[in-house]
Every structure is written in structure tokens, then in C-alpha cells.
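K.L.:
Any chance you can model this:
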Amino acid sequence: MPPRPGPRWRLVRVTTAGICGSDLRGLAEAPVDGAVDPAGVVPGHEMVGVLADGPGSGERVVVHPLVTCAARDEPLCAACRNGRFGQCASFWRPTVRWSKSLGFSADLGGGWADWVWAHPAMVRPLPPDLPDRTAVLAEPLSVAVSGVRSVRHHAGDDVVIVGGGTLGLLTVVAVASVLPGSRCFALVRHDFQADAARALGAEPVRTPADLPGARPRGADVLIDGPGLAVDAGGTSSSLIAAMRAVRAGGTVLTLGNPDDCTDLTPLWLKGLTLIGHLEHAADPSPRPPEAADSLDEAVRLLAAAPDLGRHLVTHTFAPDDVERALAVARARRAHRAIKVILRHPS
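P.N.:
Residues are numbered from 1 along each chain as shown. Modelled structure (predicted):
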């Protein structure tokens, strides 16, 4: 275990950790031996654990993975003051200590290991009756909530979500909370994803042309349809599908962080607004006040739906079986996998 980063940092014993699509992409770029790469970085930024030292020892918490100004005990940068934690200025410093996030730092640990270090600003207490299987969804739900908040002016409009993975399905939950009165559609590839979307209150579709009122204008580029499309797939093809699915003059929100886009035709053809979003954010006008931080709001939503993990967590492995867990996460269709998690020994 790396040494304590500072006097205020807390040791957290990890109980449950998720495997995220960004973990899989990172491992593809820099393969690891087991769960640790040659530089000593342990992946895993979605995690639930127990405070293992200091005040409140034994309390169950979910860990906010970003190491922002508050976690560094530094004056808040402009991004942090405005609640845009994913754009914290410290992330851009070439010699930044500890990297930007748990799961990407050899000094702080990651959720696939037994222990991590977390600053008090990074831990959120969990309701005692919220199971780990659901609580581990808090981090990706926080991303969905913070992104959908940025387009809340679409409340009451139809919404199509592109992507049937964990982030896409949790965006269904975020839309129901943030955009009241909106009808939600989920553009998914597989039957098991359609079943999960339906259980969460979305209507699954397989192509943009299946959307109500769809009027294609060549190559499935719709001129009518939902006013908001959310790309939760994080690929060029999912972003293109979102731009094709939204109506002329509509808005596309990217949550999955695609690296490129090979066809921007729908963007200019239909006069779309494209909004990028990254990670977590505070709400400048929260309702209710205690839900300013998107992770706090995610915990609140999960507390109201403690069985959500039953719909989304499809596979559980022990940490020493991480290679098999990764194989299942990479072959989602073959294994009918949505969220794959690692359950640490108690």
C-alpha cells in the first residue's frame, strides 16, 4: 500500500468495484498483468468501501474518484468554483501529483485493489440499507445526472439515449429525475439491453427510423423525432447515431466521450447543438439544496431505488478473478453482460 498522501487522507477498504468502459479502453492501450500495470497503477474508479481509520471508522462510503483542488487542499480553480469538477485546472498541469483520479494513480490506489486513499472531500456516506450491488452504480449515475442537468431546458420533450450499456441505462434514470414529463427511448443493440431499458421505464428501439414520428431524409438522418439525443456509447458510430436520431434544430449531449467522429453531416444539415460533457459537476441551482453535487444526487436516487443493481449488475467476480471478469466485460453480447463488478472479501 502506498504511504498516506497527507494527514487528512483516509484509508478506505474497498468492498465493491465496477469495471467501466474507460477501464477497458485504458487496458487496451496499456495492458496490465493481472490488475496492476508495470507502473503500479491499479485500475478502478467506481467503488464502494468502508472507512478503515480515523473518525467514523467502519462507515460505508462511496468514493468520488476525481482528485480536484479540494482534495489537494489547494485554492479552488475557476472550474471547481463553478462546479465543473471534470475540468479542474490541476488536471492539466504536466507535473500534477497523484494524476487526476483514483484508478489512474500509483500513489492513491484503485478500486480493483483492497485499499485506496481518499481525501475527506472525496467520500460520501451511504444509507445503511443501500446494498453495495446498487451503490457501486453511484459514480456512473453521477456522470449521467450531471450531464442531463446541462440540458434541463428539454424537460417534457422526447429524449433518445444511444447506448445500452451501464451509462446509457443509468441515463434513463437521470432523465426521469432531471427532465420530468419527458418520454425516453433507448437505442440499443441487444435483447437483454432492451429488457433492462424497459424495466427502467424507457422504450427500446433498434434504429433511429423506429422512433415515433420519424421521417428519414436519407441514410436514417431524421428531420422529425426527439428534441434531445444523448450519446452514451462513446464511439464515433454512437455519436453519429445520436445526431441522426434527433430532430432538426435539436440538441445532442455527449456523455461517452468519443475520441472522433467520422461523419458530421447531420450536425450542419439539421442545425444541431452539440454539447460535450465530462465526468461530474455541481448544480448551480439545485433542487433540493443538498443535491448540489451530482454524486450526492446519485446516492439519493439510488437510495430511492435500492433494487436497481438487480437490473444492471449482471456479473460478480472476486478481485483475484479479474482476468475472467474482463473477458466477460469485453464480450458483453456473448455473456449478456451489462455491469460487471468485483466483490472484495469482507
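K.L.:
Residue 111 and residue 139, how far apart?
P.N.:
Separation of residue 111 from residue 139 (CB to CB, to the nearest Å) stands at 9 Å. In this view, the C-beta of every residue, glycine as well, is placed from N, C-alpha and C.
K.L.:
any common contacting residues for those two?
P.N.:
Taking CB atoms under 8 Å, 6 or more residues apart in numbering as the contact rule, the neighbours common to residue 111 and residue 139 are 18, 45-47.
K.L.:
Strands of the chain, start to end?
P.N.:
10-19, 47-51, 60-63, 115-118, 123-125, 159-162, 184-187, 203-205, 228-231, 251-254, 273-276, 313-317, 339-343 (DSSP state E).
K.L.:
Pick the most buried one from these.
P.N.:
Here the criterion is mean neighbour count by mean count of other CB atoms under 10 Å, and of the strands of the chain the winner is strand 228-231, at a mean of 32.
K.L.:
Please save the CA atoms from that strand in CSV.
P.N.:
What follows is strand 228-231, C-alpha atoms only, in CSV (Å, rounded to 0.1, in the frame of the first residue of the first chain):
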residue,chain,number,x,y,z
LEU,A,228,-32.7,15.7,-27.4
ALA,A,229,-30.4,12.8,-28.1
VAL,A,230,-27.8,11.6,-25.6
ASP,A,231,-24.7,9.7,-26.8
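K.L.:
what about it, distance to the chain center?
P.N.:
Offset of strand 228-231 from its chain centre (CA atoms, centre = their mean, to the nearest Å): 15 Å.
K.L.:
now residue 317, which residues is it bridged with?
P.N.:
Beta bridges link residue 317 to residue 342 when assigned by DSSP bridges.
K.L.:
Pull up the gap between it and residue 24, please.
P.N.:
Per CB to CB, residue 317 is found 15 Å from residue 24.
K.L.:
As CSV, the strands of the chain with distance to residue 105 and mean pLDDT would be great.
P.N.:
Below are the strands of the chain laid out as CSV (distance: least, CB to CB, whole Å; pLDDT from 0 to 100):
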stretch, distance to residue 105, mean pLDDT
strand 10-19, 14, 97
strand 47-51, 13, 97
strand 60-63, 13, 97
strand 115-118, 9, 94
strand 123-125, 16, 95
strand 159-162, 31, 97
strand 184-187, 34, 96
strand 203-205, 38, 94
strand 228-231, 28, 97
strand 251-254, 26, 97
strand 273-276, 25, 95
strand 313-317, 23, 97
strand 339-343, 18, 97
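K.L.:
Dump those strands into TSV; add distance to residue 72 as well.
P.N.:
As requested, the strands of the chain are exported to TSV (distance: least, CB to CB, whole Å):
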stretch	distance to residue 72
strand 10-19	15
strand 47-51	20
strand 60-63	16
strand 115-118	13
strand 123-125	15
strand 159-162	34
strand 184-187	38
strand 203-205	43
strand 228-231	31
strand 251-254	28
strand 273-276	25
strand 313-317	32
strand 339-343	28
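K.L.:
Next, name the residue at the spatial heart of this protein.
P.N.:
The residue lying closest to the centre of the chain (CA atoms, centre = their mean) is residue 140, at 2.4 Å.
K.L.:
That one touches residue 170, doesn't it?
P.N.:
Yes. Between residue 140 and residue 170 there is a contact under CB atoms under 8 Å: 5.4 Å.
K.L.:
Residue 91 contacts residue 98, correct?
P.N.:
No. In this structure, residue 91 is not within contact of residue 98 by CB under 8 Å, at 10.5 Å.
K.L.:
coming back round to it: who's in contact with the residue nearest to the centre of the chain?
P.N.:
Applying CB under 8 Å, 6+ apart, the residues contacting residue 140 are 18, 20, 46, 166-167, 170.
K.L.:
swap in residue 27?
P.N.:
43, 326.
K.L.:
How about the contacts made by the nearest residue to residue 181 once chain neighbours are set aside?
P.N.:
Take residue 181 and drop its neighbours on the chain: the residue closest to it by CB to CB, 6 or more residues apart in numbering is residue 156, 4.1 Å away. Taking CB under 8 Å, 6+ apart as the criterion, residue 156 is in contact with 179-182.
K.L.:
Take these and write them to JSON lines, including pLDDT.
P.N.:
What follows is the contacts of residue 156, written out as JSON lines (pLDDT from 0 to 100):
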{"residue": "179", "pLDDT": "95"}
{"residue": "180", "pLDDT": "93"}
{"residue": "181", "pLDDT": "94"}
{"residue": "182", "pLDDT": "96"}
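K.L.:
are any of those buried, and which?
P.N.:
Among those, the ones that count as buried by 16 or more other CB atoms under 10 Å are 179, 182.
K.L.:
between the contacts of residue 156, which is nearest residue 343?
P.N.:
residue 179 (33.4 Å; CB to CB).
K.L.:
number of nearby residues for residue 227?
P.N.:
Residue 227 has 19 neighbouring residues, counting by other CB atoms under 10 Å.
K.L.:
Now do the phi/psi pair for it.
P.N.:
With angles defined as degrees, to the nearest 10, residue 227 sits at phi -80, psi -20.
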